[in-house]
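Novice: take this sequence and fold it.
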Amino acid sequence: MLAEEGAGCALMVSGEAGIGKSRFVAEIETRLRKAEAQLLVGECVEVAEGELAFAPIVAALRPVMNDGEAVHDLEPPLRAALAALWPALGDAGAGSREQLFEAIYRVLAGLARHRLVVVVVEDVHWIDRSSRDLLGFLVRNARRDRLLLVATYRPDELHRGHPLRPFLAELERSGHAQRIELGPLGRAELADQLEAILGTRIAGRSFDRIFARSEGNPFFAEELLATADTGPTDDLPGSLREALLLRVEALTPATQDVLRAAAVVGRSVDHRLLGLILGLAEADLHASVREATEHHVLVLTGHGMAYAFRHALLREAIYDDTFPGERLRLHRVIAEALAANSELATAGAAAELAHHWYAAGELPAALDASLRAAKEAERMNAYSEAVGHTERALAIWDRVEAPEQIAGKTEVELLIRGAQAAEWAGDAERALALAERARREVDERASPLLAAAAETRIGRALWSAGRGDDAIEHLVEARRLVPADPPSVQRAEALAEEAGSLMLTGRGREARGRIEEALELARALSAPQVEAKALNTLAIVYGLFGEMQLAIAVGRRALEIATELGLTREMVRAYVNGSQAIDDAGRMREALEMGLEGIEVSRRLGFDRASGDQLRVQAAWRLARMGQLAEAERVVRP
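Specialist: So this is what the prediction gives:
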């Protein structure tokens, strides 16, 4: 196995519902436990349309994070980044997505130094965007670690535009992922399966009917077997749904009530939450869940504190069979219980709450919970999910009385915030749509600063989409909308934003005027964050004009301010731009020293696989020019 030999890889297991993916994974787990591998298992959650950010990752790594030993040697910024997902680790800092991903990778790589680590994520056809991005990051970077990632999915769930399609293709092209497709069982294989269940061979006609009706699907065959006599009969259910419901209908009414409540909660449910929803005495609840587990409908999970449906299809069938009015009532009761007991949520309390309030038709509560879910997702650096929650809030905005009072902001402000989150998520198309809608709805005469903010977001989205000239037009408009008098930080930010784009498109003279004005304003208004940003841009702009001493001086000052304030992105940017200014001045060894220092700082801050790569390329190029080819290769190798 490549992973055992120290070459991290991924195994993608595909197959239709009931074909045996979970059984296949269970067999892998059994063998790996015998080999004393570290197993970390999580599943994707269908609830809330993939908006429960990092749900499978939080579940899989919870045992490791609760232990604390795995994070003992991590630098404080990385521990703080992890605390956004696992609050028990301490206070969550204002970390970035790159730092969070790097921290998770380092935890897994640290575990893999001692033994093989296997991360299993089931049902990735329901995976949230943030978890998907993290899995891709791990596969790309764990190439020298004893780390195996196993993911299961249903190919029939992947419609033409499903985001998992290009993700799977990319993983396979990387050479570090292998796809295994599980097909239906043949006659002999299915006969062996049913004989293992019954302890005896099934009569010919009954087996023929089960084989024909199940089409070799082992789960379907097992359910048909459970509802049929072993002798000849024509009473087999006509569909899998019917077979599943026949198993459930054989249970007591009290147990069926428990199963309906559990199905509305989701694939898995906490024991305490079930008790709150149903209001049952503990003995009655225990009796029902015992019956459900003995009849293979529910299984114990979560260290015995929760229950999961034995198969997702069981949950789907029960949910679909529940009357709409009963579903509404259960969603409302679940929301009320979670509102009072957020610790009982699967993952992402506000996101789960928003889903249930919305499904219950309680739109004011759904709006409030969706906005809180967006903030929660941003705190977790799950920006795509934050956009999803924001878009749901916007969709019900006009259907709620006095939405501004609930939200604490206007619709335009919410649109701008959503556009920013979409930009952070790397989704330029969604960012542009939200920002343009905000611009259409704001009156620049009444709210020029809001109009400027919308123009800035449009400009940033266009820039991300590769439309530089169009972007600059909107950034110029944003600067125009912010009055020069009285002086304001907003004016300084607008100037700095425009200048950065002008500089990157080769319009250095225009960029210089804007960025120097931005710097002067930032200093006058004591806005060090804008000052650091302006100085970093000036380090390049002055270099374009051959004013190398000025370029070096502003680069060093940008680094001082960024380091003093803990502005991690500006720190790394200062190492990149500052060392380049020194190099351009002909002081190559000094530039190399600064760049190598930047690589170490970038590693400590958790940007080693983001901005750190740019610093490595710069350092390697300098070493190569100095004739130190072996050292250049060592530096650039990661």
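Novice: residues contacting the closest residue to residue 429 other than its chain neighbours?
Specialist: Among residues not flanking residue 429 along the chain, residue 465 sits closest, at 7.3 Å (C-beta to C-beta, 6 or more residues apart in numbering). In this view, the C-beta of every residue, glycine as well, is placed from N, C-alpha and C. Residue 465 makes contact with 428-429, 432, according to C-beta atoms under 8 Å, 6 or more residues apart in numbering.
Novice: contact partners of the particular helix or strand that has residue 601 in it?
Specialist: Element membership for residue 601, per DSSP states H and E: helix 588-605. Contacts to helix 588-605, defined as C-beta under 8 Å, 6+ apart, come from residues 75, 77, 99, 568, 571-572, 575-576, 578-580, 582-583, 608, 610-612, 615-616, 618-619, 622-623, 625-626, 635.
Novice: again with stretch 501-514
Specialist: Applying C-beta under 8 Å, 6+ apart, the external contacts of stretch 501-514 come out as 459, 463, 468-469, 471-472, 475, 479, 495-496, 498-500, 515, 537-538, 540-542, 544-545.
Novice: which ones are touching the closest residue in space to residue 57 that isn't next to it in sequence?
Specialist: Of all residues not flanking residue 57 in the chain, residue 131 sits nearest, at 5.4 Å (C-beta to C-beta, 6+ apart). Contact analysis of residue 131 by C-beta under 8 Å, 6+ apart lists 44, 53-57, 121.
Novice: still on that earlier bit, mind checking which of the contacts of helix 588-605 are buried?
Specialist: Buried subset of those (neighbour count, 16 or more other C-beta atoms under 10 Å): 77, 99, 568, 571-572, 575-576, 578-580, 582-583, 608, 610-612, 615-616, 618-619, 622-623, 635.
Novice: poorly predicted segments of the stretch 101-250 of the chain, please.
Specialist: Scanning the stretch 101-250 of the chain for pLDDT under 70 picks out 228-239.
Novice: chain neighbours aside, what residue packs nearest to residue 455?
Specialist: Closest residue in space to residue 455, ignoring its immediate chain neighbours: residue 478 at 3.8 Å, by C-beta to C-beta, 6+ apart.
Novice: and that neighbour, how many neighbours?
Specialist: Residues contacting residue 478 under the criterion other C-beta atoms under 10 Å number 26.
Novice: for it, helix, strand, or coil?
Specialist: Following DSSP: H, G, I helix; E, B strand; the rest coil, residue 478 is assigned to helix.
Novice: list the contacts of it.
Specialist: So residue 478 contacts 452-453, 455-456, 459, 494, 497-498 (C-beta under 8 Å, 6+ apart).
Novice: closest to residue 186 out of the residues you listed?
Specialist: residue 459 (60.3 Å; C-beta to C-beta).
Novice: looks like that closest one contacts residue 474 (just checking).
Specialist: Yes: applying C-beta atoms under 8 Å as the test, residue 459 and residue 474 come out as touching, 3.8 Å apart.
Novice: for residue 514, which non-adjacent residue is closest in space?
Specialist: The shortest distance from residue 514 to any non-neighbouring residue, by C-beta to C-beta, 6+ apart, is to residue 499 (3.8 Å).
Novice: and after the host helix or strand of that neighbour, which helix or strand comes next?
Specialist: In the assignment (DSSP H and E), residue 499 maps to helix 489-504. Reading on from helix 489-504 to the C-terminus, the next helix or strand found by DSSP H and E is helix 508-524.
Novice: next, the buried residues of that following helix.
Specialist: Neighbour-count burial for helix 508-524 flags 508, 511-512, 514-519, 521-522 (criterion: 16+ other C-beta under 10 Å).
Novice: again, but for stretch 474-484
Specialist: Buried-residue list, stretch 474-484, by 16+ other C-beta under 10 Å: 474-482.
Novice: next one: stretch 631-638
Specialist: Using 16+ other C-beta under 10 Å as the test for burial, stretch 631-638 gives 632, 635-636.
Novice: checking the spatially most central residue of the chain next. Helix, strand or coil?
Specialist: With the centre of the chain defined as its mean C-alpha position, the nearest residue by C-alpha atoms, centre = their mean is residue 130, 1.4 Å away. Under three-state DSSP, the three-state class of residue 130 is helix.
Novice: start at 784, not 1
Specialist: All right, first residue 784 from here; so that's residue 913.
Novice: hang on, residue 1360 in a helix?
Specialist: Yes: assigned with three-state DSSP, residue 1360 falls within a helix.
Novice: count of neighbours near it?
Specialist: Neighbours around residue 1360, by other C-beta under 10 Å: 23.
Novice: about what we covered before: want to throw the buried residues of helix 1291-1307 into TSV with distance to residue 1177 and pLDDT?
Specialist: Formatted as TSV, the buried residues of helix 1291-1307 follow (distance: C-beta to C-beta, whole Å; pLDDT from 0 to 100):
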residue	distance to residue 1177	pLDDT
1291	40	91
1294	35	94
1295	40	96
1297	33	95
1298	35	96
1299	39	96
1300	36	96
1301	32	96
1302	37	96
1304	34	96
1305	33	96
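Novice: can you tell me which of the residues you listed is nearest residue 1341?
Specialist: residue 1302 (10.4 Å).
Novice: pretty sure that closest one is touching residue 1315, no?
Specialist: No: shown here, residue 1302 and residue 1315 do not form a contact pair, counting by C-beta under 8 Å, at 10.1 Å.
Novice: what would the contacts of residue 1248 look like in TSV with secondary structure?
Specialist: Converted to TSV, those look like this (three-state DSSP):
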residue	secondary structure
1211	helix
1212	helix
1215	helix
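Novice: most neighbours, which of the residues you listed?
Specialist: With neighbours taken as other C-beta under 10 Å, the top of the contacts of residue 1248 is residue 1215, carrying 22 neighbours.
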